[in-house]
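Asker: Structure of the sequence below:
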Amino acid sequence: MVATLLLIIVLLALVAAFAVQNPGILTVHFLHLSGATSLLVVIVVAFGAGVLVGLLCGVPALLRRRRTVRELEAELASLRKPPAAPPPEIP
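Answerer: Residues are numbered from 1 along each chain as shown. Down below sits the predicted model:
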């Protein structure tokens, strides 16, 4: 957890340093759209899109793990129940 936070802080510091050293305005073209914006905005949007795609790629595995845990918990609960008493014999 601490290593992840340190990695995020270092990455954000590098992005901030890059943005401060490259304050220029640039024109972005996408399909038939174009617009002028700063390099910082382009970097932040690209980084955010990458994070979003990464998270979305992890969703199927997360859902599979949750389903597996739910199934295993149900199986464990059924194994913990005491066996039902046999019906009384009629003489």
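Asker: residue boundaries of the helices in this structure?
Answerer: Using DSSP state H, the helices of the chain run over residues 2-21, 39-80.
Asker: Adding distance to residue 29 and mean neighbour count, write those out as TSV.
Answerer: (Each C-beta comes from the backbone N, C-alpha and C, glycine too.) TSV is the format used below for the helices of the chain (distance: least, CB to CB, whole Å; neighbours: other CB atoms under 10 Å):
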stretch	distance to residue 29	mean neighbour count
helix 2-21	21	10
helix 39-80	12	10
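Asker: Quick check, residue 37 in contact with residue 26.
Answerer: Yes: here residue 37 reaches residue 26: they are 6.9 Å apart, a contact under CB atoms under 8 Å.
Asker: So for residue 29, what's the pLDDT?
Answerer: Looking at residue 29, its pLDDT is 86.
Asker: Show me what it is bridged to.
Answerer: Residue 29 has the following beta-bridge partners by DSSP bridges: residue 34.
Asker: What's the separation between it and residue 37?
Answerer: 11 Å (CB to CB, to the nearest Å).
Asker: got a list of what residue 4 touches?
Answerer: Residues in contact with residue 4 (CB atoms under 8 Å, 6 or more residues apart in numbering): none are found.
Asker: related to what we said a few turns ago, of residue 29 and residue 37, who's got more company?
Answerer: Between residue 29 and residue 37, counting by other CB atoms under 10 Å, residue 37 is the more crowded of the two (12 against 8).
Asker: now the more buried one, nearest residue through space, not along the chain?
Answerer: In space, and not counting its chain neighbours, residue 37 is closest to residue 28: 6.0 Å by CB to CB, 6 or more residues apart in numbering.
Asker: my guess is the one you found meets residue 35, correct?
Answerer: Yes: judged on CB under 8 Å, residue 28 makes contact with residue 35 at a distance of 5.7 Å.
Asker: Alright, that wraps it up for me.
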